[in-house]
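Enquirer: Need coordinates for the below:
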Amino acid sequence: MKRYAILLFPSANRVYADDAPRLLAAELDIVNNAVLDGKIKKITQTDIAGVRYLLFEAAEFTTEDVAFIANLSSIYALFDIESNIPDEYLLRPIALRSIDVFPSDLLTIPKYQGKTNEQFTKLLFNVTTMALAEPSKLVNGKLRVLDPLCGRGTTLNQALAYGCDGYGIEIRKRDFDEYEKFIKTYLRNNRYKHSAQVSNIRRNKALIGRRLDITLGVTKEKYKAGDVIQLGFVNADTTTASEYFRAGFFDMIVTDVPYGIQHGSTSSTGGLARDPMRLLGDALPGWHRLLRTGGAIGISWNTFVADRTRLAALLTEHGFAVLDSPAHRDFEHRVDAAIRRDLIVARKS
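Expert: From the prediction side, this is the model:
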């Protein structure tokens with residue numbers, strides 16, 4: 001067995017940075033059991049020269065093994081510890097190759113109140129991928145991903161960064177407008193070959209929303225050859241999601257439930273409700289239809305609003321099998337005084 005050390009990516013969010021080593025350890029444990037055949041042992045934390053590292057032991061890694069480790073949400077560098085003496089660390093860097101096909105500024109440029117932390121978005125995305133019947137598709141396949149409460153598109157941008165087809169649904173017109181403006185400007189300024197179309201969504205001749213569809217290529221050559229990425233954004237109520245996509249269309253659903261703000265769940269007074277559990281109860285039947293068999297759903301939410309047991313029961317009621325290992329239960333963390341965030345993942349079997 002060899003010893004390895006992970007240097008964590010620095011985070012501008014101090015509150016998240018404090019929990020990042022623990023969250024990364026849980027993520028690594030899940031990746032280990034899903035795609036690394038359990039070869040990683042003894043995941044611990046330690047300080048080396050005053051800097052926090054995640055340590056673990058493992059047999060030799062294959063190239064594909066390193067690819068999975070390279071895409072952990074908070075990894076900055078991976079080292080082989082070239083010393084068998086306890087508490088002595090001679091670190092030899094191991095080259096990491098990310099699966100990202102777009103630079104990180106795709107996720108970091110947008111700035112707005114309420115934006116989900118990019119590292120956490122990637123964490124939720126990765127952990128959901130590991131719940132797939134075929135989790136290896138993260139690095140050797142192409143996934144089709146839906147965020148049915150996509151806001152201004154952080155999850156969509158993470159999907160694009162990975163080279164996945166990304167789709168979103170959002171009821172707020174302003175969020176649709178802002179994302180359309182951002183993504184078109186980003187692709188144009190960075191000279192990515194693409195085509196974009198905005199169309200109206202009508203029901204009984206009445207305008208009920210709009211839809212953005214973009215086809216893009218990482219390079220001009222790939223675009224011309226038809227090797228493209230699809231992006232879609234529907235400005236509509238997520239409880240009507242199955243009206244816009246065919247059954248079994250998606251490999252994954254990844255979403256961050258709004259933390260007590262208004263969203264697309266109708267209250268008794270006819271307005272928008274603030275109870276995310278009510279929203280999920282209304283939306284999950286449609287989401288379930290859109291997910292293929294063997295696909296996975298990952299949801300993050302504010303535990304001050306609903307506890308994990310209640311959400312797990314709701315997912316089970318709607319035909320999902322919740323993954324509930326100790327690592328899956330170790331993601332709860334503080335966001336601010338009003339929000340403690342957790343995540344839950346489940347598979348459609």
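Enquirer: Only C-alpha atoms from now on, for both contacts and neighbour counts.
Expert: OK.
Enquirer: ok, residue 285 to residue 316 distance?
Expert: 11 Å (CA to CA, to the nearest Å).
Enquirer: Neighbour count for the two, which is higher?
Expert: residue 285 (18 against 14; other CA atoms under 10 Å).
Enquirer: Walk me through the domains of the protein.
Expert: By the assignment in automatic domain parsing, the chain contains the domains 2-94, 105-348.
Enquirer: deepest of the ones you listed, which one?
Expert: When neighbours are counted by mean count of other CA atoms under 10 Å, the highest per-stretch mean among these falls to domain 105-348, a mean of 18.
Enquirer: Quick check: which element contains residue 68?
Expert: Element membership for residue 68, per DSSP states H and E: helix 63-70.
Enquirer: With just CA atoms, put that helix into PDB.
Expert: The C-alpha coordinates for helix 63-70 follow below in PDB (Å, rounded to 0.1, in the frame of the first residue of the first chain):
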ATOM      1  CA  THR A  63      -5.100   5.900 -15.400                       C
ATOM      2  CA  GLU A  64      -8.900   5.800 -15.100                       C
ATOM      3  CA  ASP A  65      -8.600   5.700 -11.300                       C
ATOM      4  CA  VAL A  66      -6.600   8.900 -11.300                       C
ATOM      5  CA  ALA A  67      -9.200  10.500 -13.700                       C
ATOM      6  CA  PHE A  68     -11.900  10.000 -11.100                       C
ATOM      7  CA  ILE A  69      -9.700  11.400  -8.300                       C
ATOM      8  CA  ALA A  70      -8.700  14.400 -10.500                       C
END
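Enquirer: chain center to that helix, what's the gap?
Expert: Distance, stretch centre to chain centre, for helix 63-70: 18 Å (CA atoms, centre = their mean, to the nearest Å).
Enquirer: Same question for stretch 334-349.
Expert: Relative to its parent chain, stretch 334-349 has a centroid offset of 12 Å by CA atoms, centre = their mean.
Enquirer: With stretch 178-197 instead?
Expert: 21 Å.
Enquirer: Okay, now that stretch: how far is its last residue from its first?
Expert: 15 Å.
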